[in-house]
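>>> Have a look; sequence and predicted model below, questions after that.
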Amino acid sequence: MKQVKYQIEDSQQNIIYPIFKDQEICSHVCERLGYDLNQIVNKELGQVTKIHTLGHYSFDSIYFIGLGASQYINTFKLRKAFSKISREVEECIYFDAMHAVTETIDIHQITRLFVESYMLSKYQEAKIGHDSKEIMDVDIMSMDDNIEDDIHEGIAYGTGINYARQLADKPANYMNPCDLVKEAKTLASQYGMECTILDKDTLEEMKAGGILSVNQGSHIPAYLICLKYSKTDEPYTAIVGKGITFDSGGYNLKGNSYGMKYDMCGAADVLGIMKILAETNANVNVYGIIPTTENLVSDRAYKPQDVITTLSGKTVEIVSTDAEGRLILCDALTYAQQLGVKRIIDLATLTGACVSALGDVYTGVFANNDAFYYQFSKAMNDSDEKGWRLPMDEEYFAKLKSSSADFKNSVGKPGAGASVAANFLEAFIEKDVEWIHLDIAGTADNNGTGATGTMIRSIVNMLKGD
Ligand code: BES
Ligand code: MN
Ligand code: ZN
């Protein structure tokens, strides 16, 4: 994708022409085609009208994309409208960006939004045995302003998010902990990032009992992956992602584990975030940390009522082997703090309770620090991603009291499961560390379109502070 400065007259390619309801289509286009297009084109938000040029132009078609009333437009609606285009358009095209500019949204924003939305909507779930299709090129038409940087930015976000989605969409027999390690290494070497892989032997020496206990049922070893992106003298932020490449539930076997290949979406998001940071040369210091293992059943698997010792030294009584995410995450959180990090965000497909509460629309957001929450909340807003803050409370934590260990990993009966899980994790966060936990169980994938790469944009934008 690149910037072009042609006018419609000279264009050799089909054109995407965004149009507000309260605006008229350029009169010279109507004159050239010989009739009033305003009578035919549907200008409602997200409506695409294909008009043949019937030899009046050197190209075949103009795709009008309705933007609705200009006074009500916002970036969320623009994303929605732009993502419709990819389904309608097959041939090579120009996007005539200028018609979408308003007083509140400038050409730079339009360009970024268009490129990113277009790429996300062109994403196709990686099918095993098939090469992933190249995304068709679109050139962006703009006269005076230089939008090359915006195009690059849009491509970086689109590519990074699609990369995460592709990793997450792979079935568990093509994306196990070893595959995830390979992926992290490739990414690191591609961008000159430091990459530390703590293997099973190392985890045993460290006594990372949370990760190792969950790993007992699998013949594939567990890993703790740590990527390091350094660009400033500022302190590091850690982004931690749950990397359960398949969650059977363990001995608390799930009745239906269809969809549980997606239990590593947090991990995939972390890799997507690191890729975008590197690709856009972001001025930040970030660790990307991924604990990864399968959660399976075997004669070696951990069992209900086992008592395990986590990396922090805290002991946990296993009430449910299906509450495994918090066990691998608590070790990763401890590790992040051992590295000296004072700001952490974790992403995890953690609880079915969060899905019951918020469905596939809102991500559950937990924070131990209000200022950090507001900063992140603004980033979510600016990124058009939806999250809703849910409570943590010592009364939830009290329910995890155990007679055989410091605490239990699950209450064992229903009630505020997402909050209980967040409180469990909070027990591993030092007092002076700011921390946000994102429960993406409902938003990480949707059955129709596969993985979403949810919260990648918000986290990257928060880190970059724009
Ligand atoms: N990976 C699941 C959570 C999940 C459920 C993600 C549905 C996506 C869709 C997690 O490991 C899990 O099994 N959580 C349990 C916790 C319970 C045993 C305390 C749950 O939510 O049932
Ligand atoms: Mn589970
Ligand atoms: Zn899980």
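That came through, no problem. In this text the structure is predicted, and so the values were computed from the model without any measurement. Numbers count the residues shown, from 1 in each chain. Ligands and ions are numbered 1, 2, ... in the order given.

>>> Show me the longest helix that occurs in this structure.
Looking across the chain with DSSP state H, the single longest helix is helix 148-169.

>>> Now do the buried residues in that helix.
For helix 148-169, burial by neighbour count (16 or more other Cβ atoms under 10 Å) applies to 150-169. Yep, even glycine has a C-beta here, placed from its N, CA and C like the rest.

>>> just stretch 19-39 next, same as before
19, 20, 21, 25, 29, 33, 37.

>>> Let's verify the closest residue to the third one other than its chain neighbours: helix, strand, or coil?
It refers to residue 21. Distance criterion Cβ to Cβ, 6 or more residues apart in numbering; nearest residue to residue 21, sequence neighbours excluded, is residue 43 at 4.2 Å. Here residue 43 takes the coil state, with states given by DSSP: H, G, I helix; E, B strand; the rest coil.

>>> So residue 246 belongs to a helix, correct?
No - counting by three-state DSSP, residue 246 falls outside a helix, being strand.

>>> Could you list which residues are in contact with it?
172, 176, 257, 260, 261, 263, 294, 295, 296 (Cβ atoms under 8 Å, 6 or more residues apart in numbering).

>>> burial of the closest residue in space to it that isn't next to it in sequence, as a residue count?
The shortest distance from residue 246 to any residue other than its chain neighbours is 3.8 Å, reached at residue 172 (Cβ to Cβ, 6+ apart). Neighbourhood size, residue 172 [other Cβ atoms under 10 Å]: 20.

>>> thought residue 172 was touching residue 294?
Yes - at 7.3 Å, residue 172 and residue 294 qualify as touching, with contact defined as Cβ atoms under 8 Å.

>>> what is in contact with those two at once?
What both residue 172 and residue 294 touch, as defined by Cβ under 8 Å, 6+ apart, is the set 245, 246.

>>> relative to helix 148-169, how tilted is the very next helix or strand once past the longest helix of the chain?
Under the assignment DSSP states H and E, the closest C-terminal helix or strand after helix 148-169 is helix 177-191. Calculated by axes from the mean of the first three to the mean of the last three Cα atoms, to 10 degrees, helix 177-191 forms an angle of 160 degrees with helix 148-169.

>>> Give the buried residues for helix 177-191.
177, 179, 180, 181, 183, 184, 187, 188.

>>> got a list of what the second one touches?
In other words, residue 179. So residue 179 contacts 170, 245 (Cβ under 8 Å, 6+ apart).

>>> Walking through the stretch 351-466 of the chain, point out its helices one by one.
352-358, 370-382, 394-398, 417-426, 456-464 (DSSP state H, counting those that start in this stretch).

>>> Those helices: which one's closest to residue 140?
helix 456-464 (19.9 Å; Cβ to Cβ).

>>> Can you check what angle separates that closest one from helix 148-169?
130 degrees.

>>> any idea how far helix 456-464 is from the chain center?
Averaging C-alpha positions (Cα atoms, centre = their mean, to the nearest Å) puts helix 456-464 10 Å from its chain's average.

>>> go on, stretch 415-432?
That offset, for stretch 415-432, works out to 22 Å (Cα atoms, centre = their mean).

>>> could you give the mean pLDDT of it?
In this model, stretch 415-432 has an average pLDDT of 98.

>>> That one close to ligand 1?
Yes - contact of stretch 415-432 with ligand 1 (Cβ under 6 Å from any ligand atom) involves residue 417.

>>> buried stuff in that stretch?
416-429.
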